[in-house]
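**Q** fold the following for me, if possible:
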Amino acid sequence: MNTITDTEFGHFQRFIFEAAGITLSSAKKALVSGRLAKRLQARRLASFTDYFKLLSSGEDAEEVQTAVDLLTTNETYFFREPKHFELLRDVAKASAAPGHTFRIWSAASSTGEEAYSMAMVLADALPQQPWEVVGSDISTRVLQRARTGHYPLERTRHIPQPYLKRFCLKGIESQSGTLLVDRTIRQRVAFTQVNLNETLPNVGTFDMIFLRNVMIYFNGDTKRQVVARILANLKRGGHFCIGHSETLNDITDTLVQVAPSIYRKP
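**A** Next up, the predicted model:
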């Protein structure tokens with residue numbers, strides 16, 4: 001197995017920063033080596049330098065996307081940080097009004113657990129009201145997985161029991177040990193590729209946006225740029241949720257903090 005050198009690791013640090021705004025610390029060297037080694041084998045390349053040259057040549061956009069996918073994928077699970085979903089339920093119920101469609105954006109949805117958690121809450125809280133969930137990620141690979149709604153059971157242990165019974169199907173026989181989100185929920189979530197480090201596509205405006213456990217990978221300037229882009233899509237009075245280990249200090253002064261990791265746009 002090839003060993004990645006410090007110089008080669010530096011190439012990929014620059015590559016993923018330019019592609020996605022993500023700052024990889026030196027602690028991620030083993031992760032980068034492990035995830036990209038399979039691509040060296042698949043492309044029959046002798047070194048990480050050769051692989052970087054392939055990515056830099058501009059001749060294989062599909063391989064560039066594959067590398068981005070491998071270097072940006074994060075593990076997640078259903079109903080992570082449950083207070084945010086309690087807030088979602090309360091805000092959604094309070095917003096119910098004729099002609100109003102409640103819209104929420106999972107801006108770094110990874111394999112979809114966060115977006116489907118949102119959809120379960122809204123299906124329960126707004127049974128007679130229109131609502132929409134948008135999930136986005138830079139990785140086409142995780143979005144493809146998200147659209148299937150099919151997960152290992154260990155990812156689902158935080159789903160409330162009533163939601164498990166109502167919105168999920170437990171696999172049997174060859175699908176044992178897995179869970180499938182019910183079609184009625186899957187059909188209500190729209191997954192789309194979005195690079196938060198570039199001009200955003202027209203995704204519309206939202207009553208609530210989750211950008212959780214993502215900013216930890218960005219430097220200060222990138223955080224400010226990404227948050228400014230996203231907040232342009234948040235309605236006045238809308239709520240913005242970040243991860244509990246994250247902060248908006250020195251990032252934006254346009255929001256009012258209403259609780260730890262929860263902000264509101266005046």
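
**Q** give me the contact list for the helix or strand of the chain with the lowest mean pLDDT.
**A** Least confident element among the helices and strands of the chain, by mean pLDDT, DSSP states H and E: helix 61-72 (a mean of 88). Residues outside helix 61-72 that contact it (Cβ atoms under 8 Å, 6 or more residues apart in numbering) are 12, 15-16, 19-20, 22, 24, 32, 35-36, 39, 43, 54-55, 137-142. (C-beta placed from N, C-alpha, C; glycine too.)

**Q** same check, this time on stretch 174-188
**A** Taking Cβ under 8 Å, 6+ apart as the rule, stretch 174-188 contacts 116, 119-120, 122-123, 131-133, 147, 149-153, 155-156, 166-171.

**Q** may I see the buried residues of that stretch?
**A** Thr178, Leu179, Val181, Asp182, Ile185, Arg186, Arg188 (16 or more other Cβ atoms under 10 Å).

**Q** before we move on, the earlier item: tell me which of the contacts of stretch 174-188 fall in strands.
**A** Counted as lying in strands by DSSP state E, out of the contacts of stretch 174-188, are Trp131, Glu132, Val133, His150, Tyr151, Pro152, Cys168, Leu169, Lys170.

**Q** buried subset of the residues you listed as a ChimeraX selection?
**A** Buried members of the ones in strands among the contacts of stretch 174-188, defined by 16+ other Cβ under 10 Å, are picked up in ChimeraX with:
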select :131,132,133,150,151,168
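
**Q** where does the prediction get shaky in the chain?
**A** 1, 73 (pLDDT under 70).

**Q** kindly recompute the last result at 80.
**A** Scanning the chain for pLDDT under 80 picks out 1-2, 73-75.

**Q** quick one: the helices in it, in order.
**A** Listed in chain order, the helices of the chain (DSSP state H) span 6-20, 29-43, 48-56, 61-72, 82-95, 113-125, 140-148, 161-167, 183-186, 220-231.

**Q** most packed of these?
**A** Among the helices of the chain, helix 113-125 has the highest mean neighbour count (mean count of other Cβ atoms under 10 Å), at a mean of 24.

**Q** so that helix versus helix 140-148, what angle?
**A** 30 degrees (axes from the mean of the first three to the mean of the last three Cα atoms, to 10 degrees).
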